[in-house]
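Trainee: No sequence on hand, only this structure:
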């Protein structure tokens, strides 16, 4: 990975801290603001939906004015939004600030994927994306796990304030170290290229499969996450630190995947990784559906994270190759569909929780992930070019 991407990894890391920091402290936010916990769980949608909706705009903008510039500017917005979250005295303010945080995050991680696509050849790209993913997943892991610990020690507001402080440090560092690189990677601003870029992306027959698959992933897996702390609470485990640990297992699985991805891509074809990821994800969701003790849940979420990225990481590589001239738009559309799935998931899981129960709702997700893995395996095997 180039020195530019190493420096940008700090931005990716601090951004990832914010992504899943709310999930383990939903019961505490509900108690603190006197709001129904199911309503507070919608903070996940408040983050994911704006993340998705800004993608059709931020992707082409990154292509036109420069990907590094967009990432640094979005980090500044994220710092401000996190500070507002920590100081919010009512749920409306907190909800609005998480919307802004989701929009800002939407200009960092997908744009980073596009930049890797620009700088790294296709044969080396899955490994490079895996290294970038280590940074992101470590941030997610700490964001979920440390959020629970900080809450138990200092309260839920401190979670957002710590993230804001870390983001400010990275923003100042980026301002000093990436100024020259931003000038070098600045593109030509031309609004007329946007429609042509999107048209070129969707002429690629793999686009619909890539985007449809990540939408289903977000729906089937991430809809569960905002309810994990509540399900543990119903089972008698009230500590936010334990909820954070269980959720952090998913990110730990992503780190394990990232650490061995170079071996995986040498040993198996990409469509085989997709099949294995879908089937193993289904198996772990089926185990989670039994609502066993939290140590078993932690192991299941860790394996689930590994399995998920077997499938998702392989799809990411395909998304970076959908268009060489509009790569920022292509990866942003990838993020758009993925986070639309994440935004819809908590709503559907909440309805399932009320109608058929938690176990049955998770089991439905297991069936969906198995079917998705098989479908991706068949399609990419059929369309394999080498």
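Mentor: Perfect, I can see it now. These numbers come from a predicted model, not from an experiment.

Trainee: what bits of the stretch 51-200 of the chain have low per-residue confidence?
Mentor: For the stretch 51-200 of the chain, applying pLDDT under 70 flags the ranges 122, 125-126, 141, 178-198.

Trainee: can we see that at 50?
Mentor: Within the stretch 51-200 of the chain, the ranges that satisfy pLDDT under 50 run 182, 184-185.

Trainee: residues touching residue 314, list them.
Mentor: Residues counted as contacts of residue 314 (CB atoms under 8 Å, 6 or more residues apart in numbering) are 126, 270-271, 273-274, 277, 376, 380. Placement of C-beta: from N, CA and C, glycine included.

Trainee: Likewise for residue 229?
Mentor: Per CB under 8 Å, 6+ apart, neighbours of residue 229: 23-27, 240, 243, 247.

Trainee: helices or strands next to the longest helix seen in the chain in the packing?
Mentor: For the chain, the helix that runs over the most residues, judged by DSSP state H, is helix 122-154. Where contact means 3 or more CB pairs under 8 Å, 6 or more residues apart in numbering; DSSP states H and E, helix 122-154 is packed against helix 3-19, helix 109-119, helix 156-177, helix 240-267, helix 294-320.

Trainee: List the buried residues in that helix.
Mentor: Under the neighbour-count criterion of 16 or more other CB atoms under 10 Å, helix 122-154 has 125-152 buried.

Trainee: one step back: now that we have the contacts of residue 229, which one has the most neighbours?
Mentor: Using other CB atoms under 10 Å as the neighbour criterion, residue 24 leads the contacts of residue 229 with 35 neighbours.

Trainee: circling back to that earlier point, any idea how far the longest helix of the chain is from the middle of the chain?
Mentor: 10 Å (CA atoms, centre = their mean, to the nearest Å).

Trainee: just stretch 89-98 next, same as before
Mentor: Stretch 89-98 has its C-alpha centroid displaced from the chain centroid by 21 Å (CA atoms, centre = their mean).

Trainee: in that stretch, what counts as buried?
Mentor: The neighbour-count check on stretch 89-98 (16+ other CB under 10 Å) flags 91, 94-98 as buried.

Trainee: among those residues, which are in helices?
Mentor: Those of the buried residues of stretch 89-98 lying in helices (DSSP H): 91, 94-98.

Trainee: So what's the predicted local confidence for the closest residue to residue 55 other than its chain neighbours?
Mentor: For residue 55, ignoring the flanking residues on the chain, the nearest one in space by CB to CB, 6 or more residues apart in numbering is residue 336 at 3.6 Å. You'll see residue 336 listed with a pLDDT of 82.

Trainee: One more: the one 10 residues further on?
Mentor: Residue-level confidence at residue 346 comes out at 83, pLDDT.

Trainee: residues touching residue 84, list them.
Mentor: Per CB under 8 Å, 6+ apart, neighbours of residue 84: 93, 97, 100.

Trainee: Could you pull up the mean pLDDT of stretch 369-385?
Mentor: If you average the pLDDT values across stretch 369-385, you get 86.

Trainee: Just the buried positions in it, please.
Mentor: Buried-residue list, stretch 369-385, by 16+ other CB under 10 Å: 369-370, 372-373, 375-377, 379-380.

Trainee: Just these: which are in helices?
Mentor: Among these, the members falling in helices (DSSP H) are 369-370, 372-373, 375-377, 379-380.

Trainee: okay, and for the stretch 251-386 of the chain, where does confidence drop off?
Mentor: Residues of the stretch 251-386 of the chain that meet the cut-off, pLDDT under 50, sit at 386.

Trainee: let's see 70
Mentor: 323-328, 384-386.

Trainee: coming back round to it: make JSON lines from the contacts of residue 229 and add distance to residue 208 and pLDDT to it.
Mentor: Formatted as JSON lines, these follow (distance: CB to CB, whole Å; pLDDT from 0 to 100):
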{"residue": "23", "distance to residue 208": "31", "pLDDT": "80"}
{"residue": "24", "distance to residue 208": "35", "pLDDT": "83"}
{"residue": "25", "distance to residue 208": "38", "pLDDT": "86"}
{"residue": "26", "distance to residue 208": "35", "pLDDT": "86"}
{"residue": "27", "distance to residue 208": "40", "pLDDT": "86"}
{"residue": "240", "distance to residue 208": "40", "pLDDT": "75"}
{"residue": "243", "distance to residue 208": "37", "pLDDT": "82"}
{"residue": "247", "distance to residue 208": "31", "pLDDT": "83"}
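
Trainee: Out of those, the closest to residue 58 would be?
Mentor: Distances from residue 58 to these, taken as CB to CB, are shortest for residue 23 (24.3 Å).

Trainee: I'd say that closest one and residue 226 touch.
Mentor: Yes: look at residue 23 against residue 226 with CB atoms under 8 Å: they come within range, at 5.6 Å.

Trainee: Identify the contacts common to these two.
Mentor: Common contacts of residue 23 and residue 226 (CB under 8 Å, 6+ apart): residue 44.

Trainee: if we can go back for a sec, switch the contacts of residue 229 over to TSV; also include distance to residue 342.
Mentor: Shown next, in TSV, are the contacts of residue 229 (distance: CB to CB, whole Å):
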residue	distance to residue 342
23	12
24	17
25	18
26	16
27	21
240	21
243	18
247	14
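
Trainee: Spatially nearest residue to residue 218 (excluding sequence neighbours)?
Mentor: residue 341 (2.5 Å).

Trainee: angle of the helix or strand harbouring the one you found against helix 3-19?
Mentor: Assigned by DSSP states H and E, residue 341 belongs to helix 327-355. Interaxial angle, helix 327-355 versus helix 3-19 (axes from the mean of the first three to the mean of the last three CA atoms, to 10 degrees): 20 degrees.

Trainee: All good on my end, thank you.
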